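Colleague: Below is the sequence, then the predicted model.
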Amino acid sequence: MSTSSRPANRLGEETSPYLLQHAFNPVDWYPWGPEALERARREDRPILLSVGYSACHWCHVMERESFENDAIANLMNSLFVNIKVDREERPDLDRIYQLAHQLLTRRPGGWPLTAFLTPIDHAPLFVGTYFPAEPHHGLPGFGDLLQQVAQHYTNNRSQMGDHAKAIRQALQQTEPGHQHTTEPADTITLETAARQLEDEFDAVHGGFGKAPKFPHPTHLSLLLRLAWSQTSMQGSAYQMTIKTLGEMASGGLWDHVTGGFYRYAVDDQWRIPHFEKMLYD
């Protein structure tokens, strides 16, 4: 069925440009609100939360590949309560589930953010970003993922409940005002964080983790701080910082025409940028 011949779903009544872009998907989308959350609770059905924004390239790709796909939409509609969120309208929700992604994967999040939540307290069961319609580059096909998550939720309620509770407690510890310890952060938290970064550091090409590779200015800021400190991480922090900045500056992430850095590189050698710049970078 063509998009123009479909009736609008619930997003047709929204004002967000991003939500309106999805108003004619065959997916039974809800905006975040009491109606969707009550249905999930009443039917004991997990929530599929998709967060994005109108200028997001991979959001449009996932819509074209999956949300306009009738077979995938039927799976979504039969297995989940599907909620679309514009991160520019609800940065609070985006922040919560981006943090959940980082806690679960030890990798940065991004958009579209794809989160599967418990129906009662909306704790994350599984969180990812873009998924292709078919398996590709080590990512599962979205239709396969939908069935796996739904089956695992049905067959492993107790285990998934414990998992969601642990993530919820970890998220609470990131809230402002949470009392972690009375000892100075410089002697505990910073060195611990730096050692975690050291485990993820790419000694060959600089940066952290595998492709797609992000600049992570907060990581570099932490390492620079430790590079000037009298700690056991001083030398290692300096080397990781210099290696990463050098590779970024000499590779494709640096815009050699107008200056600045693109948001990330699609490869792990910083050669091929994703041609997008964000003001918060």
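Modeller: That came through fine.
Colleague: Could you use CA atoms for every contact and neighbour count after this?
Modeller: Fine.
Colleague: So which residues of the stretch 1-150 of the chain form strands?
Modeller: Under the criterion DSSP state E, counting those that start in this stretch, the stretch 1-150 of the chain contains strands at 29-31, 47-52, 81-86, 113-117, 124-128.
Colleague: Tell me who's in contact with residue 133.
Modeller: By C-alpha atoms under 8 Å, 6 or more residues apart in numbering, the contact list for residue 133 reads 62, 65-66, 141-143.
Colleague: try 10 Å
Modeller: 61-67, 69, 72, 139-145 (C-alpha atoms under 10 Å, 6 or more residues apart in numbering).
Colleague: Residue 53 now?
Modeller: So residue 53 contacts 16-19, 21, 59-60, 85-89, 111-112 (C-alpha under 10 Å, 6+ apart).
Colleague: Buried ones only from these, please, as a PyMOL command.
Modeller: Entered in PyMOL, the line below selects the buried ones among these, by 16 or more other C-alpha atoms under 10 Å:
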select buried, resi 16+18+19+59+60+85+86+87+111+112
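Colleague: Restricted to helices, list the contacts of residue 53.
Modeller: Of the contacts of residue 53, the ones assigned to helices by DSSP state H are 17-19, 21, 59-60.
Colleague: okay but residue 268 is in contact with residue 210, surely?
Modeller: Yes: using C-alpha atoms under 10 Å, residue 268 makes contact with residue 210 at a distance of 5.7 Å.
Colleague: more crowded one of the two?
Modeller: Set side by side, residue 268 and residue 210 show more neighbours around residue 268, with 20 against 15, by other C-alpha atoms under 10 Å.
Colleague: which residues touch residue 260?
Modeller: Residue 260 neighbours (C-alpha under 10 Å, 6+ apart): 249, 253-254, 277, 281.
Colleague: got those residues as a markdown table, with pLDDT and distance to residue 105 columns?
Modeller: Below are the contacts of residue 260 laid out as a markdown table (pLDDT from 0 to 100; distance: C-alpha to C-alpha, whole Å):
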| residue | pLDDT | distance to residue 105 |
| --- | --- | --- |
| 249 | 91 | 27 |
| 253 | 92 | 24 |
| 254 | 90 | 27 |
| 277 | 84 | 24 |
| 281 | 60 | 22 |
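Colleague: Residue 139 versus the nearest residue to residue 69 once chain neighbours are set aside, what's the distance?
Modeller: Closest residue to residue 69 in three dimensions, ignoring its sequence neighbours and counting by C-alpha to C-alpha, 6 or more residues apart in numbering: residue 26, at 7.7 Å. Separation of residue 26 from residue 139 (C-alpha to C-alpha, to the nearest Å): 24 Å.
Colleague: Tell me which of the two has more neighbours.
Modeller: More neighbours surround residue 26 than the other of residue 26 and residue 139, with 24 against 13 (other C-alpha under 10 Å).
Colleague: Distance check, that one against residue 10.
Modeller: Distance from residue 26 to residue 10, counting by C-alpha to C-alpha: 11 Å.
Colleague: what do those two both touch?
Modeller: By C-alpha under 10 Å, 6+ apart, no residue touches both residue 26 and residue 10.
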